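Asks: Attaching a predicted model along with its sequence, questions to come.
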Amino acid sequence: MDWEVVIGLETHAQLATHSKIFSGASTAFGAAPNAQACAVDLALPGVLPVLNRAAVDCAIRFGLSTGATIASRSIFARKNYFYPDLPKGYQISQYEIPVVSGGAMVIEVEGRVRHVRLTRAHLEEDAGKSLHEDFHGLSGIDLNRAGTPLLEIVSEPDLRSAAEAVAYARALHRLVTWIGICDGNMQEGSFRCDANVSVRPRGQEELGTRCEIKNLNSFRFLEKAIEYEIRRQIELIEAGGAVVQETRLYDPDRDETRSMRSKEDAQDYRYFPDPDLLPLSIEAVWIDRVRAELPELPDAMQQRFTDDFGLSMYDAGVLTASRDMARYFLDLLPCAENDAKLCANWVSGELAAALHRESLEIQDSRVSPQQLGGLLKRIQDGTISGKMAKELFDALWQEGGEADALIEARGLKQISDVSSLERIVEALMAEHPAQVAEYRAGKEKVFGFFVGRAMKASGGRANPEQLNAVLKQRLKAE
């Protein structure tokens, strides 16, 4: 049977606020267990939550960036369930009226552009964390994350493959980091996805039974978990079984999903409006202020790079992979005579490779746009060759300094003077008359012999273009 895959993602983006969503406790990562859990987070008797205005700003930013509707009035609800790391016995979230409704994300997979609809994005608090590894048969509870502000972003079931799901998650990750509402650190849990996966016979309107795979904190795990779950469901149905609605977890060591618990429906959580929190009212002037503060969005900047600089969509996509990458490129341009293609090649080539080798982000680059621009200028004016430039880039990366000073200190200035190149070529011709005769007799491969010897004689500093021209002129039959 021909099967169609249906995927929807629920993504939790930790909002980049200094304090929690309903208390003044810090959200900084890495503190000692329970050091950042205050009375509100612990749900001690008599405490009351107070909404963090900065978290609402983040939600509005996201809604405006995706073309969504910002609710003028939204409410907070209590989502009731028991778990040891949920001290209140309920999670404050939004249900019937979320702060953001609708919107869409644009993705491209294998040359096909897709619009993925968003259902909603709502504010909620995170739970704590259960620790099982270090307690010898016991579990510890760390409530530092309890109350951390989250924006849960829910997509419509528009995705049709694991590759599309990853493309959507990457696009979402780029957007939330670009607009500054989330640091995107997946290792620290700042950006994590739950994947709802089902299959149905192709052409069938009714959705299949879905399973939710929880807390996928890397794009690789997201793809592999979905691919496994698709195979599992198809094999189960084709063997005569039925998919059970449930929550599953992904085990990367075994590359498989495993049953975690039966999947709850909304009514199981007994949602009701939180009596301790007033409805959230967002006036138009608030939305207008946030809109005025928004940066140019990544898709718009990518298009501008192609229109204004003549770059390919691929190059422009690489340069707008993050806001810091785009900023580096824009700072580099005026330092390199606005040669956009040369700058793009070096940012996505040598610089990206150096960053990858040392697991650095571009904002931590050891070579500044101004330093790289100084190097590219010497390629442009013929002072150094492309090969020399790569050696000098490594030196800039390791030692710092400026390109001109390194060129001078290392004697790397390219020889472009025609008379100097002629002397090198004439000496080689006198030293190798047999090869000269072979070339003049039509054996053109010998030309490479002279290029290699001339480069060696010049210490690798001969301008390749000028050298070739001098060789062709001198070697031609007299």
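Replies: Thanks, I have it. Numbers count the residues shown, from 1 in each chain.

Asks: For the rest of this, base every contact and every neighbour count on C-alpha atoms.
Replies: Noted.

Asks: mind listing the helices for the stretch 201-350 of the chain?
Replies: Residue ranges of the helices in the stretch 201-350 of the chain, as given by DSSP state H, counting those that start in this stretch, are 219-238, 284-293, 298-309, 313-319, 323-332, 340-346.

Asks: For residue 95, which of those is the nearest?
Replies: Nearest to residue 95, of all the helices of the stretch 201-350 of the chain, is helix 284-293, at 21.6 Å by CA to CA.

Asks: And that closest one, how far out from the chain middle?
Replies: Between the centre of helix 284-293 and the centre of its chain there are 27 Å (CA atoms, centre = their mean, to the nearest Å).

Asks: buried ones in it?
Replies: residue 287 (16 or more other CA atoms under 10 Å).

Asks: now swap in stretch 451-471 and tell me
Replies: Per 16+ other CA under 10 Å, stretch 451-471 contains these buried residues: 451, 454-455, 458, 460-464, 467-468, 470-471.

Asks: What of stretch 331-350?
Replies: For stretch 331-350, the neighbour count (16+ other CA under 10 Å) marks 332, 333, 335, 336, 339, 340, 343, 344, 346, 347 as buried.

Asks: quick one: average confidence on stretch 110-129?
Replies: Average pLDDT, stretch 110-129: 95.

Asks: Send over that stretch as CSV, restricted to the C-alpha atoms.
Replies: In CSV, the C-alpha atoms belonging to stretch 110-129 read as follows (Å, rounded to 0.1, in the frame of the first residue of the first chain):
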residue,chain,number,x,y,z
GLU,A,110,14.7,19.5,-2.4
GLY,A,111,13.9,22.6,-4.5
ARG,A,112,10.3,22.7,-3.5
VAL,A,113,8.9,25.6,-1.5
ARG,A,114,6.3,24.8,1.1
HIS,A,115,4.1,27.0,3.4
VAL,A,116,3.6,25.4,6.8
ARG,A,117,0.6,26.8,8.6
LEU,A,118,0.9,27.6,12.3
THR,A,119,-2.1,26.8,14.5
ARG,A,120,-1.0,28.9,17.5
ALA,A,121,1.7,30.0,19.8
HIS,A,122,1.0,30.4,23.5
LEU,A,123,2.8,31.4,26.6
GLU,A,124,3.4,28.9,29.4
GLU,A,125,5.8,28.0,32.2
ASP,A,126,8.3,25.2,32.1
ALA,A,127,8.3,22.4,34.7
GLY,A,128,11.3,21.3,36.8
LYS,A,129,13.6,18.4,35.9
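
Asks: so which of the helices of the stretch 201-350 of the chain gets nearest residue 72?
Replies: Taking CA to CA, helix 284-293 is the member of the helices of the stretch 201-350 of the chain nearest to residue 72, at 7.9 Å.

Asks: Next, find the distance separating the closest residue to residue 113 other than its chain neighbours from residue 324.
Replies: Distances taken as CA to CA, 6 or more residues apart in numbering place residue 107 nearest to residue 113, at 5.7 Å, with adjacent residues excluded. Distance of residue 107 to residue 324, given as CA to CA, to the nearest Å: 21 Å.
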